[in-house]
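*Asks:* Quick one, structure for this:
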Amino acid sequence: MNKKILLALSIAVVAIAAVGTVSAFDLGALFGFPADQHVTMDGENFTIPGTMKEELNASVNGTEKDYVVFKSKEYGKRYLNDTNYININISDYNTSDLDDNMVNFMNGTSKDVSGVKGYLYHDDYGYTYTYNKGSKVIAVQSDNEKLIGPVIA
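*Replies:* Next up, the predicted model:
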């Protein structure tokens with residue numbers, strides 16, 4: 001009787017460990033799809049589809065911009081695949097005085113995307129979603145509006 005209980009507990013422990021191991025990986029990778037990429041820029045986290053590759057020569061990492069009234073640091077990355085693109089741009093103004101006009105610099109439509117309040121703008125080149133987080137204005141651009149939400153989620 002004790003051997004049966006011990007065997008059942010052993011099987012349960014192995015099953016729990018196996019489920020935990022599988023859940024630690026992207027399930028898409030389990031079925032042959034590339035895992036999503038988790039990217040951090042200026043302390044902000046983004047998720048890029050695994051099918052997209054970074055265009056390295058388009059990266060900006062803390063370049064200082066000196067405007068007449070204020071200074072900012074600029075960060076940016078661009079990702080591509082055969083059909084779509086995603087651009088992420090961060091302007092860190094090092095101030096808490098961001099007003100709505102700075103966040104909505106393209107006169108978009110107020111919208112919540114993935115629980116983040118911001119502005120969506122659409123033109124011939126695609127969609128741009130801008131929002132602020134502290135002293136930063138963050139813009140996520142893509143030719144496919146459906147790709148924006150998962151990037152900032």
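
*Asks:* drop to CA atoms for contacts and neighbour counts, all remaining ones
*Replies:* OK.

*Asks:* ok, longest strand in the chain?
*Replies:* When the chain is parsed with DSSP state E, its longest strand is strand 71-80.

*Asks:* Go through it and flag the buried ones.
*Replies:* 72-80 (16 or more other CA atoms under 10 Å).

*Asks:* and the helix or strand in which Ile86 is found, what other elements does it pack with?
*Replies:* Using DSSP states H and E, Ile86 sits in strand 85-92. Packing partners of strand 85-92 (3 or more CA pairs under 8 Å, 6 or more residues apart in numbering; DSSP states H and E): strand 71-80, strand 136-142.

*Asks:* Save these as CSV, and put in distance to Asp112 too.
*Replies:* Formatted as CSV, these follow (distance: least, CA to CA, whole Å):
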stretch, distance to Asp112
strand 71-80, 22
strand 136-142, 13
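
*Asks:* how about those strands in a markdown table, adding distance to Thr51 and mean pLDDT?
*Replies:* Shown next, in a markdown table, are those (distance: least, CA to CA, whole Å; pLDDT from 0 to 100):
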| stretch | distance to Thr51 | mean pLDDT |
| --- | --- | --- |
| strand 71-80 | 8 | 94 |
| strand 136-142 | 14 | 96 |
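
*Asks:* Mind listing the residues bridging to the residue positioned nearest the centre of the chain?
*Replies:* With distances taken as CA atoms, centre = their mean, the residue of the chain nearest its centroid is Phe46 (2.1 Å). Taking DSSP bridges as the rule, Phe46 bridges to Val39.

*Asks:* Any figure for the gap between it and Ile152?
*Replies:* Distance, Phe46 to Ile152, using CA to CA, to the nearest Å: 5 Å.

*Asks:* Lys71 too?
*Replies:* 25 Å.

*Asks:* picking up where we left off before, got the CA positions of the longest strand of the chain in PDB?
*Replies:* Provided in PDB are the C-alpha atoms of strand 71-80 (Å, rounded to 0.1, in the frame of the first residue of the first chain):
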ATOM      1  CA  LYS A  71      16.400  68.700 -23.600                       C
ATOM      2  CA  SER A  72      15.500  65.100 -24.100                       C
ATOM      3  CA  LYS A  73      17.100  61.700 -24.600                       C
ATOM      4  CA  GLU A  74      15.900  59.700 -27.500                       C
ATOM      5  CA  TYR A  75      15.700  55.900 -27.700                       C
ATOM      6  CA  GLY A  76      14.400  53.800 -30.600                       C
ATOM      7  CA  LYS A  77      14.300  50.400 -32.200                       C
ATOM      8  CA  ARG A  78      12.900  49.100 -35.500                       C
ATOM      9  CA  TYR A  79      11.700  45.500 -36.100                       C
ATOM     10  CA  LEU A  80      10.800  43.900 -39.500                       C
END
